[in-house]
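Q: Mind folding the following:
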Amino acid sequence: MKAFGFFVGFLLMGKCAFAQQLAPLTESNSPLLTQIFSRSSQAFFDVLSQPEKYRYQVIYTKINRDKNGQPTLEHHYYNYSRQQYFYPASLVKLPLSVLALHKTDSMAVNGISAYTPMLTGVADPCQTAALFDFTQKNGYPSVDGYVKKMMLVSDNDAYNRIYEYLGYDYINEKLHKYQLPDVRIVQRFAQQCDSLSYYCTNPICFLNGADTIFKQSACTAQTRLVYPYGEAFMGNGFYDFTNYFHPYPRSFIYNNFLCLQDLQTVLEGIYFPETFDSKNRIELSTNSRKLLQKYMGQYPRESSFPSYNLNDNYKKYFMIGDGTLPPSDANLRIFNVVGKAYGVLSDCAYVADFENNVEFMLTAVLYVNEDEILNDDKYEYDTIGHPFLAELGNLIYNFERTRNRNFTIDFTDKKMLFD
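A: Model prediction:
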């Protein structure tokens, strides 16, 4: 068994891959992935042959089950480097969702659940309140509503509210405790104040009808975290939020950081908790785990409160991200989280095809910014990024469709999420 907790570390070639002092900084390219990629298109190969330009990284995980359905995870890497900085953008919404649900579960003794109305106040001029949410059936915000918005459409305001609910110190104490010490979740999104505002989080209260059943005071963080591997720069120039151009690389040393391997570990903890040592596991209630899995796997059109008029590939980059291959039916589910900012495009997914007995995990990132200018809205997402990730997903899926499995996968619990 692997000791890490809900965010569980996994064993790789006899070494504990999650511990900071033992985690490999790079991995050799997988012969299996090299073989799979040999079947790719010329456009895919053009990206693959330029790793320094596109800075792509890939982690593919084969899932083998025994006769009792117990999984064994087999990891394959391509151009992986723990120290290669990329801006994770919305990828951080996945660990934050897990922490939010765990914290809320721990408050059940106070009569609080993920559905309890949660109001956000203000304590300084850089903060904003959230007292109503008319996209929800009852008109109030909640942890459930915020997690749903983050997973379905990558909503940034929902992320900010969950960041404020958890707080800078709590987030990073939990990540460190459960042996993800390199992860940095240290900022709100789309804020006009300076980075010092990230250390201060809003007062929160939970309601039962008209009664306040729990108050959480405004908080100022006591710790200060930076990128764990020294300097972190991207681009040759950038525009700031005032549209002023800076003709030099942008530093990301005080921004969020989440390497692919740690993100993959979080994903494994959500879908394969049975493989981890229970004494170190961050527990989620059955309901919290199910709602997180459901929201990760839903297509926006399937949502009510809020409802969305978005294409199925809006936040599904693997397999269908280029818009040319819509899902055949509800038997194909892509449970995922994505990132998209500054020319960085990323996806982390557990893919399940209920009809064809297929499941695998895939995590990847690439950088598509030809002019190396950040915030100019000139990125090659549609011409290079989305086609690359869509083909990557299909290459792995087609391999999985043809490989032998000794046992049929029981997808009953996943199917029931969408009944």
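Q: Only C-alpha atoms from now on, for both contacts and neighbour counts.
A: Will do.
Q: Identify each buried residue in stretch 305-322, please.
A: Neighbour-count burial for stretch 305-322, counted by 16 or more other Cα atoms under 10 Å, picks out Asp312, Asn313, Tyr314, Lys315, Lys316, Tyr317, Phe318, Met319, Ile320, Gly321, Asp322.
Q: in the stretch 251-400 of the chain, what spans have low per-residue confidence?
A: Counting by pLDDT under 70, the stretch 251-400 of the chain contains low-confidence ranges at 278-282, 325-329.
Q: for the stretch 51-200 of the chain, that is, sorry about that
A: Counting by pLDDT under 70, the stretch 51-200 of the chain contains no low-confidence residues.
Q: Need the CA coordinates for stretch 160-180. PDB is fine.
A: C-alpha atoms of stretch 160-180 as PDB (Å, rounded to 0.1, in the frame of the first residue of the first chain):
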ATOM      1  CA  ASN A 160     -11.600  32.800  -5.800                       C
ATOM      2  CA  ARG A 161     -14.500  32.000  -3.300                       C
ATOM      3  CA  ILE A 162     -13.100  28.600  -2.500                       C
ATOM      4  CA  TYR A 163      -9.600  30.100  -2.100                       C
ATOM      5  CA  GLU A 164     -11.100  32.600   0.400                       C
ATOM      6  CA  TYR A 165     -13.000  29.900   2.200                       C
ATOM      7  CA  LEU A 166      -9.800  27.800   2.700                       C
ATOM      8  CA  GLY A 167      -7.300  30.500   3.200                       C
ATOM      9  CA  TYR A 168      -3.600  30.800   2.100                       C
ATOM     10  CA  ASP A 169      -2.100  29.100   5.200                       C
ATOM     11  CA  TYR A 170      -4.700  26.300   5.400                       C
ATOM     12  CA  ILE A 171      -4.300  25.300   1.800                       C
ATOM     13  CA  ASN A 172      -0.500  25.100   2.000                       C
ATOM     14  CA  GLU A 173      -0.400  23.500   5.400                       C
ATOM     15  CA  LYS A 174      -2.700  20.700   4.100                       C
ATOM     16  CA  LEU A 175      -0.700  20.200   1.000                       C
ATOM     17  CA  HIS A 176       2.600  20.000   2.900                       C
ATOM     18  CA  LYS A 177       1.100  17.700   5.500                       C
ATOM     19  CA  TYR A 178      -0.100  15.300   2.900                       C
ATOM     20  CA  GLN A 179       3.300  15.300   1.200                       C
ATOM     21  CA  LEU A 180       2.800  17.700  -1.700                       C
END
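Q: Give me the distance between that stretch and the centre of its chain.
A: Average the C-alpha atoms of stretch 160-180, do the same for its chain, and the two points are 15 Å apart (Cα atoms, centre = their mean, to the nearest Å).
Q: The nearest residue to Asn357 once chain neighbours are set aside: what secondary structure?
A: Excluding its sequence neighbours, the residue lying closest to Asn357 (Cα to Cα, 6 or more residues apart in numbering) is Ile409, at 6.0 Å. Under DSSP: H, G, I helix; E, B strand; the rest coil, the three-state class of Ile409 is coil.
Q: Next one: Ile409 from Val358, what distance?
A: Taken as Cα to Cα, to the nearest Å, the spacing of Ile409 relative to Val358 amounts to 8 Å.
Q: Next secondary structure after the lengthiest helix in the chain?
A: If each helix of the chain is counted by residues according to DSSP state H, the longest one is helix 386-402. For helix 386-402, the following helix or strand on the C-terminal side (DSSP states H and E) is helix 412-416.
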